[in-house]
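Participant: Sequence plus the predicted model coming up.
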Amino acid sequence: MEELVRAVQNLQAASPAHRYQIQPPEPFNFREPAEFAKWLKRFERFRDASGLSGQPSTTQVNTLLYSMGPESEDLLARCKSFIPSCKGGI
């Protein structure tokens, strides 16, 4: 019985990422910009469930861009051209 109690306690103490593997959402379809809010909500759920929310902000932003797909690189390049805070890079 003690072993069972310890196992349950260990499971409760583990972060969600340690309990199971979770995949990021499918890349965002940039041809459907009206769907971004829904896609972002899905990414936020992934961020929390995977433990990403506890990682450094640069890791979170890079994971967001990677998850959005290759077109996010074009968006980032455009952002850097007119938003000074983006010029330092991510």
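Facilitator: Okay, I see it.
Participant: May I have the secondary structure class of the closest residue to residue 47 other than its chain neighbours?
Facilitator: With sequence-adjacent residues excluded and distances taken as C-beta to C-beta, 6 or more residues apart in numbering, residue 47 is closest to residue 53, at 5.0 Å. Placement of C-beta: from N, CA and C, glycine included. Under DSSP: H, G, I helix; E, B strand; the rest coil, residue 53 falls in the helix class.
Participant: mind showing which ranges of the chain have poor pLDDT?
Facilitator: 1, 4-5, 7-20, 84-90 (pLDDT under 70).
Participant: Quick check: which element contains the residue positioned nearest the centre of it?
Facilitator: Central residue of the chain (C-alpha atoms, centre = their mean): residue 47, 4.0 Å from the mean position. Using DSSP states H and E, residue 47 sits within helix 36-50.
Participant: residues of that helix that come out buried?
Facilitator: Residues of helix 36-50 classed as buried by neighbour count (16 or more other C-beta atoms under 10 Å): 39, 43, 46-47, 50.
Participant: Mind jotting down where the helices sit in this structure?
Facilitator: 2-13, 16-19, 36-50, 57-68, 71-82 (DSSP state H).
Participant: Put together a markdown table for those helices, with distance to residue 25 on each row.
Facilitator: Putting the helices of the chain into a markdown table (distance: least, C-beta to C-beta, whole Å) gives the following:
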| stretch | distance to residue 25 |
| --- | --- |
| helix 2-13 | 26 |
| helix 16-19 | 16 |
| helix 36-50 | 4 |
| helix 57-68 | 6 |
| helix 71-82 | 13 |
